[in-house]
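K.L.:
Below are the sequence and a predicted model for it; my questions follow.
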Amino acid sequence: MLVKVFGSAVFGVDATTITVEVNIDKGIGYHLVGLPDSAIKESSYRIAAALKNNNYHFPGKKIIINMAPADLRKEGSAYDLTIAVGILAASSQINSDEIGNYIIMGELSLDGSLQPIKGALSIAIKAKEEGFKGVLLPIQNVKEAAIVEEIEVYGIQNVTDVIDFFEGNGELQPTVIDSQEEFSKTLDFPEFDFADVKGQESIKRCMEIAAAGGHNIILIGPPGAGKTMLAKRLPSILPPMTVQEALETTKIHSVAGKIKEAGLLTQRPFRNPHHTSSSVSLVGGGSYPQPGEISLAHNGVLFLDELPEFKREVLEVMRQPLEDREVTISRAKFTITYPSSFMLVASMNPSPGGYFNNPDSPGNTSSQEMQRYMNKISGPLLDRIDIHIEVTPVPFEKLSDTRKAEGSTVIRERVTRARLIQSKRFECMRNVHYNAQMSSKLIREYCVLDEVSLGLIKTAMERLNLSARAYDRILKVSRTIADLEASDSIESHHIAEAIQYRSLDREGWLR
């Protein structure tokens, strides 16, 4: 008897429907075809044990299983339940009338219970697009898949739940999640709040500007100045994610298996990879490509602590994703593109010893050592960082101050208003949403300066020896500062403030 059961394969962040054809005939043998990997080939042992331990049997006949399309590589153990249901239906142990209306996925344990799978959200989205009635998934994945509306999502704990479902004996109910209600649960009291930061008012102002315009930022300062503390609090002042952004972010984390039992991700991600990370772990890849840290930080923040300690070749692979907001991983037989629109926040000590030009500090570093240290970071990478700011240690008077500082919720309101201005400005443009994404053409259009401002930036570039690449960055940042004040035009004081945020462009800073 021939039976068709449907599963799904995830490539990149999108799913492809897989037809599992099971044919049982006279004879002996078990033949699995359609480019399965080792995990799928081993599924017969898990399926046989799971069925026996739940009072069903693995047919001792000739079983041929084809996974179509046959030229597409199938990976992972998530097809166990798909194949098991196909074998049960083809051997007439269960009713097969409704099987073709559902996507069935799950990894079987020997006792018949199910283990979670990756990419459940992408699978549910594809099932809805192709008109399936519902999706049967492990109970651990049901929350993320149930985000998709207008399709039935059933959580399965044991293979017997599936059997009873198709036999009409069970009381399996579809999981319903109100995505709007889930999304409305905003974090008004974040774990990391700017109210906890003592002093550093100028740095907090700088972080607010970076959040408002989506600007990449690098913090330079000695150990203990508060660089990491400030970076961890940046997500708390970013605008709340839209529903579309939340779905995009959840899909990537689902593919990477990072969701666990959570549903829709409503808070912007914060990724903090160690400086020993490889280029593959950062941008994604592998023989079976998986999203890297830059994709897991999509719509959120990627924090690189101690930037010069990262290998130079690891940092260089980020240059293209920072520009294009996506990363493409190519293999001989396929190409996968992962989104990677994130805010880069980097921190570094001003010298290998942590202190520079401070005669009172331990282990003072010479200018030559400092130059070698800074050369670990390439000019093209720095060119993609809009804001450079020096972080100085907080004096005792401010550390001991008991007054409460301004909280993240208040700052986020100002940031959100500035982002709304930018959204309206760029509403007719497909790939531009905030000031940091402006091209040179858009800068000339939206960053028009009056004579006073033009004279100021000219004087600054001459006296402070600012490099040429600083010019566009100063204009972008000044546009954001103007947006925070709801000003239609860029004034001279906006330019003056933006000039302060280009420390590393000053020739002589390292000499």
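P.N.:
Here it is on my side, so go on. Numbers count the residues shown, from 1 in each chain.

K.L.:
got the residue ranges for the helices in the stretch 301-450 of the chain?
P.N.:
312-316, 319-324, 367-374, 379-382, 396-399, 408-425, 440-446 (DSSP state H, counting those that start in this stretch).

K.L.:
so of these, which one's packed in deepest?
P.N.:
Greatest average neighbour count among these goes to helix 408-425 (a mean of 18), per mean count of other C-beta atoms under 10 Å. The C-beta positions use only the backbone N, C-alpha and C, and glycine is treated the same way.

K.L.:
Let's have the helices of the stretch 301-450 of the chain in JSON lines, adding mean pLDDT.
P.N.:
Shown next, in JSON lines, are the helices of the stretch 301-450 of the chain (pLDDT from 0 to 100):
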{"stretch": "helix 312-316", "mean pLDDT": "89"}
{"stretch": "helix 319-324", "mean pLDDT": "88"}
{"stretch": "helix 367-374", "mean pLDDT": "74"}
{"stretch": "helix 379-382", "mean pLDDT": "82"}
{"stretch": "helix 396-399", "mean pLDDT": "76"}
{"stretch": "helix 408-425", "mean pLDDT": "94"}
{"stretch": "helix 440-446", "mean pLDDT": "90"}
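
K.L.:
got these as CSV, with distance to Gly12 columns?
P.N.:
Converted to CSV, the helices of the stretch 301-450 of the chain look like this (distance: least, C-beta to C-beta, whole Å):
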stretch, distance to Gly12
helix 312-316, 22
helix 319-324, 15
helix 367-374, 37
helix 379-382, 26
helix 396-399, 48
helix 408-425, 27
helix 440-446, 29
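
K.L.:
wait, which of the ones you listed is closest to Tyr501?
P.N.:
helix 379-382 (13.1 Å; C-beta to C-beta).

K.L.:
Show residues contacting the closest one.
P.N.:
218, 315-316, 318-319, 322, 388, 469, 504 (C-beta atoms under 8 Å, 6 or more residues apart in numbering).

K.L.:
do that again at 10 Å, thanks
P.N.:
Under the criterion C-beta atoms under 10 Å, 6 or more residues apart in numbering, residues 216, 218, 307, 312, 315-316, 318-319, 322-323, 344, 346, 374, 388, 467, 469, 504-505 lie in contact with helix 379-382.

K.L.:
Wait, Asn141 touches Ile147, no?
P.N.:
No: counting by C-beta atoms under 10 Å, Ile147 is not a contact partner of Asn141; they are 11.1 Å apart.

K.L.:
So for the two, which sits in the more crowded spot?
P.N.:
Asn141 (31 against 25; other C-beta atoms under 10 Å).

K.L.:
The residue lying closest to the more buried one once chain neighbours are set aside: what's it in contact with?
P.N.:
Computed as C-beta to C-beta, 6 or more residues apart in numbering, the closest residue to Asn141 that is not its neighbour in sequence is Ala120, at 3.8 Å. By C-beta under 10 Å, 6+ apart, Ala120 lies in contact with 8, 10, 15, 78, 105-106, 135, 137-138, 140-148, 153, 250-251, 254-255, 257, 259.

K.L.:
and Ala120, what pLDDT?
P.N.:
Note for Ala120: predicted pLDDT of 94.

K.L.:
How much space separates it from Arg417?
P.N.:
Distance, Ala120 to Arg417, by C-beta to C-beta, to the nearest Å: 36 Å.

K.L.:
does Glu75 really touch Thr16, like I thought?
P.N.:
No: assessed by C-beta under 10 Å, Glu75 is found out of contact with Thr16, at 12.0 Å.

K.L.:
which residues do those two both contact?
P.N.:
What both Glu75 and Thr16 touch, as defined by C-beta under 10 Å, 6+ apart, is the set 9-10.

K.L.:
related to what we said a few turns ago, just the ones of the contacts of Ala120 in helices?
P.N.:
142-145, 250-251, 254-255 (DSSP state H).

K.L.:
And Ile237, its phi and psi?
P.N.:
phi -110, psi 0 (degrees, to the nearest 10).

K.L.:
Give me the average confidence score over the longest strand along the chain.
P.N.:
Taking DSSP state E as the criterion, the chain has its longest strand at strand 14-25. Here strand 14-25 scores 95 as its mean pLDDT.

K.L.:
The chain - how does it break down into domains?
P.N.:
2-177, 194-424 (automatic domain parsing).

K.L.:
Export those to a markdown table and append columns for distance to Asp450.
P.N.:
Formatted as a markdown table, the domains of the chain follow (distance: least, C-beta to C-beta, whole Å):
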| stretch | distance to Asp450 |
| --- | --- |
| domain 2-177 | 46 |
| domain 194-424 | 20 |
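
K.L.:
Appreciated, that's everything.
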